[in-house]
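Trainee: Sequence plus the predicted model coming up.
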Amino acid sequence: MWRDRRLLDLFGIEHPIVQAPMVGSCTPDLAGAVANAGALGSIGCGGKPIDLVRQEAEAIRARTNRPFNMNFFITTGETTDASVLDSARERLKPWYLNLRLGEPPVELPDPAIGFDEDRLELILSLRPKVVSFHFGIPDASPIEAMKSVGILLISSATNVAEARALESAGMDAIIAQGWEAGGHRGSHVPTAPFDGVGTMALVPQIVDAVSVPVIAAGGIGDGRGIAAAMALGASGVQMGTAFLNCPEAATDPARRERLRHATERDTMVTDAFSGRSARAVRSRYAEEMERNRQELPKFPQMYALSAPIKDAADDDEASFLLYGQAAALSQEIPAADLVAQLAGDAYKVMKRMASR
Ligand SMILES: Cc1cc2nc3c(=O)[nH]c(=O)nc-3n(C[C@H](O)[C@H](O)[C@H](O)COP(=O)(O)O)c2cc1C
């Protein structure tokens, strides 16, 4: 059925679709259902305690014996300068006062754990077929350790230089994440929210720059999008937003309601919630913070300052609801039906175009 079989043969899957890892939204039920439907299911492990990572991997194994992907963040563990924290506290004080939250915190929690020794050891014992990374490249020795036991490694690139660096580091495939994507931008260093390349421009340039298979991500919402990504030279797609309204996803009710009425203009890119650029629903807080930008605490320490505001305010005032620009195409159907529909529609589009 698929002419480009590079990703299918590499991962051992039937359809060139990766359900994106989405911390807080994807579940073992979702990853298992996607895997059983012949695509690659994923679980987001970024920032999660190690016991939970193990439990979720075991839960996926209980649901499927097909390949799946476990995803981790590459974080530098950088801490925030006291002067940056002070000025961010001053900036957010009016929000805290208006919402009767008292004073913004004076100390930030430790930076979250990235892909450390314990997580590597766990991965080496669990041996998922695929491990993916967001925000950069793991060190050479964990890469070698995972590859030596046959684990396939992939990571996101948001520009051509990042894709080249990932190929040189030994990644087996590269996710080309365009500007339309929901959630955090996977750039290897934090970038400003207005700094991004769209999927249509990014994918063919990364395809030309590397020799490993490329997985297109960002704004792909249906079979037409998949066919377009394949036309640009991608060997497959990674889709996040499309799976958010599946019953198996852990999407909260507020975001499900938003998705039912989503439009292409609902979202914006902002780093005002986490300290790193992410595409989320527009809100007065994010728009105000972007209008008058200043240095913010490092990812993910900024969460400690923004979370009380987001939790206390109405959604239109401040909410960190992550989804992409093609959200209006998402459907409320079981994940297995969605995979079958996406694959079938993409194939029909490609066939129709070839016969003209
Ligand atoms: C709610 C949400 C959470 C996400 N969390 C992660 C994550 O934990 N790890 C990751 O690598 N990518 C994450 N992403 C980004 C996806 O991997 C992917 O790049 C994106 O969903 C593709 O764009 P689309 O949403 O338009 O399909 C997330 C995306 C969304 C929508």
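Mentor: Looks like it came in fine.

Trainee: Per-residue confidence, Asp110, what does it come out as?
Mentor: As predicted, Asp110 sits at a pLDDT of 89.

Trainee: Whatever residue of the stretch 251-356 of the chain ends up closest to the ligand - nearest residue in space that isn't next to it in sequence?
Mentor: Nearest residue of the stretch 251-356 of the chain to the ligand: Gly324, at 2.7 Å (C-beta to the nearest ligand atom). Where C-beta positions appear, they are placed from N, C-alpha and C, glycine not excepted. Distances taken as C-beta to C-beta, 6 or more residues apart in numbering place Gly182 nearest to Gly324, at 3.3 Å, with adjacent residues excluded.

Trainee: How about Pro190?
Mentor: Per C-beta to C-beta, 6+ apart, closest to Pro190 is Arg276, 5.2 Å.

Trainee: Ignoring the adjacent residues along the chain, who's closest to Phe133?
Mentor: In space, Phe133 is closest to Ser155, 4.0 Å off (C-beta to C-beta, 6+ apart).

Trainee: partner strands of the helix or strand that neighbour falls within, parallel or antiparallel?
Mentor: If you go by DSSP states H and E, Ser155 is part of strand 152-157. Paired with strand 152-157 in the same sheet, following DSSP bridges, are strand 130-134 (parallel), strand 173-177 (parallel).

Trainee: Turn the ones you listed into a markdown table, columns for mean pLDDT, mean neighbour count and distance to the ligand.
Mentor: Putting those into a markdown table (pLDDT from 0 to 100; neighbours: other C-beta atoms under 10 Å; distance: least, C-beta to the nearest ligand atom, whole Å) gives the following:
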| stretch | mean pLDDT | mean neighbour count | distance to the ligand |
| --- | --- | --- | --- |
| strand 130-134 | 98 | 26 | 3 |
| strand 173-177 | 98 | 29 | 5 |
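
Trainee: Quick one, which of those gets closest to Asp110.
Mentor: Taking C-beta to C-beta, strand 130-134 is the member of the strands paired with strand 152-157 nearest to Asp110, at 19.7 Å.

Trainee: just to revisit the earlier point, could you give me the average pLDDT of the strand holding Ser155?
Mentor: For strand 152-157, the mean pLDDT works out to 98.

Trainee: So which residues make contact with that strand?
Mentor: 10-11, 69, 74, 129-138, 143, 146-147, 162-163, 165-166, 170-177, 186, 188, 206, 215, 217 (C-beta atoms under 8 Å, 6 or more residues apart in numbering).

Trainee: Now list the buried members of those residues.
Mentor: Buried by 16 or more other C-beta atoms under 10 Å: 10-11, 69, 74, 129-138, 143, 146, 162-163, 165-166, 171-177, 186, 188, 206, 215, 217, out of those.

Trainee: Show me which residues of the protein sit near the ligand.
Mentor: Residues of the chain lying close to the ligand (C-beta under 6 Å from any ligand atom) are 20-23, 25, 44, 46, 71, 134, 156, 177, 180-183, 186, 217-220, 238-242, 322-324, 326.

Trainee: repeat that with 5 Å
Mentor: Neighbours of the ligand within the chain, by C-beta under 5 Å from any ligand atom: 20-23, 25, 44, 46, 71, 134, 177, 181-183, 217-219, 239-241, 322, 324.

Trainee: Buried only: go through those residues for me.
Mentor: Here, 16+ other C-beta under 10 Å leaves 20-23, 25, 44, 46, 71, 134, 177, 181-183, 217-219, 239-241, 322, 324 buried among the residues of the chain next to the ligand.

Trainee: one step back: what pLDDT does the residue nearest to Gly324 get?
Mentor: 98.

Trainee: residues in contact with it?
Mentor: Taking C-beta under 8 Å, 6+ apart as the criterion, Gly182 is in contact with 240-241, 244, 267, 279, 322-325, 327.

Trainee: same thing but at 6 Å, please
Mentor: Contact partners of Gly182, counting by C-beta atoms under 6 Å, 6 or more residues apart in numbering, are 240-241, 279, 322-324.
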